[in-house]
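**Q** no sequence for this one, just the structure:
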Ligand code: SAM
């Protein structure tokens, strides 16, 4: 049974950011709400944090960042967390190093991968990431499928005037590579909120969702995933990921996060309530004591947006 917070939200998913470093510079990046840090947990520390979370009922784990694949010990990290025995072990990556690692990661116990990849146009790719890595990223997606990672999901942040005209090309590219296309609505990033960036590029998904509904052979709604819609079209699949800064998201949030330096981050949208797990670990706390710290952090979780959450 998963741990449940005061707002009756079960916590069965863990997202560990294993580094803040990244090899691309996406201009819209919100850095998963994590502030820069210098320390990165070791593979053994990541294992122990994961094990403690699993002991409280967490069933799914995802590594993220920064770019998780730029850590030289990424295969060792995956091997260790896979040994914990989660129902699902996943990574979110920009894919540029996936061509190199897909097979090793699969053999180490990785189940699934999300690849952030917004465009098939080399110029647009360079505009977004400031790098010439488009072919590496495409190769990463292909190799992930070939390695048997399943599902491979392609995360496309849809932006007005940048890549909104590429949705169907991206859908066919994904189909060719046995991948599922996830269309992500642009969020305000902290560093950009005061700039024109959001109003300039934000693409409203409503009309697109109508088009998807019309084209779909079947539409499914994913419970516990913000009622996310899955559209099944011509043997392919598209998911739409709605914004995370609203009451609906908070009400259904089942995820807890860990920062690269080993702090529990109970809420994506806050950094003033982090709970240190690594310092007690270094001081020699037992698994039971660490589990209590984790459970207290879960207990004290609060929805960031409460108004309509019934609380
Ligand atoms: N480096 C990894 C990657 O590229 O997938 C993991 C970190 S990245 C911050 C995680 C996800 O956040 C990516 O899918 C990215 O597209 C998404 N993301 C970042 N900034 C965003 C924004 N402003 N709005 C919507 N999604 C965003």
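**A** The structure has been received and is ready for your questions. Every value quoted in this text rests on a predicted model; they were computed, and no experiment measured them.

**Q** The closest residue to residue 160 other than its chain neighbours: neighbour count?
**A** The shortest distance from residue 160 to any non-neighbouring residue, by Cβ to Cβ, 6 or more residues apart in numbering, is to residue 203 (4.4 Å). Where C-beta positions appear, they are placed from N, C-alpha and C, glycine not excepted. Close neighbours of residue 203, defined as other Cβ atoms under 10 Å, add up to 18.

**Q** cool, residue 6 as well?
**A** For residue 6, the neighbour count with other Cβ under 10 Å is 11.

**Q** Check the contact between it and residue 299; I expect there is one.
**A** Yes. In this structure residue 6 lies within contact range of residue 299 using Cβ atoms under 8 Å: 6.3 Å.

**Q** check contacts around the residue nearest to residue 160.
**A** 158-160, 164, 185-186 (Cβ atoms under 8 Å, 6 or more residues apart in numbering).

**Q** again, but for residue 88
**A** With contacts defined as Cβ under 8 Å, 6+ apart, the neighbours of residue 88 are 59-61, 111-112.

**Q** What score does it have for pLDDT?
**A** You'll see residue 88 listed with a pLDDT of 95.

**Q** is the ligand contacted by stretch 230-250?
**A** No. Using Cβ under 6 Å from any ligand atom, stretch 230-250 stays clear of the ligand, with a minimum separation of 8.0 Å.

**Q** got any ranges where this protein has weak pLDDT?
**A** Filtered on pLDDT under 70, the chain yields the residue ranges 190-195, 223-226, 244-246, 307-311.

**Q** hmm, 50 instead?
**A** 308-311 (pLDDT under 50).

**Q** Reduced to three states, what does residue 199 come out as?
**A** helix (DSSP: H, G, I helix; E, B strand; the rest coil).

**Q** how many other residues sit next to it?
**A** By other Cβ under 10 Å, 9 other residues sit near residue 199.

**Q** Please shift the residue numbers so they start at 36 in all later answers.
**A** Shifting the count to begin at 36 puts that one at residue 234.

**Q** Helix, strand, or coil at the most centrally placed residue in the chain?
**A** The structure's the chain has its C-alpha centroid closest to residue 127; by Cα atoms, centre = their mean the separation is 5.3 Å. Here residue 127 is strand, with the state taken from three-state DSSP.

**Q** In this model residue 103 seems to touch it, though I could be wrong.
**A** Yes. With contact defined as Cβ under 8 Å, residue 127 reaches residue 103; the gap is 7.4 Å.

**Q** Quick one: list the elements packing against the helix or strand containing residue 180.
**A** Using DSSP states H and E, residue 180 maps to helix 169-181. Judged by 3 or more Cβ pairs under 8 Å, 6 or more residues apart in numbering; DSSP states H and E, helix 169-181 is in contact with helix 133-143, strand 147-151, helix 157-164, strand 187-193, strand 214-220.
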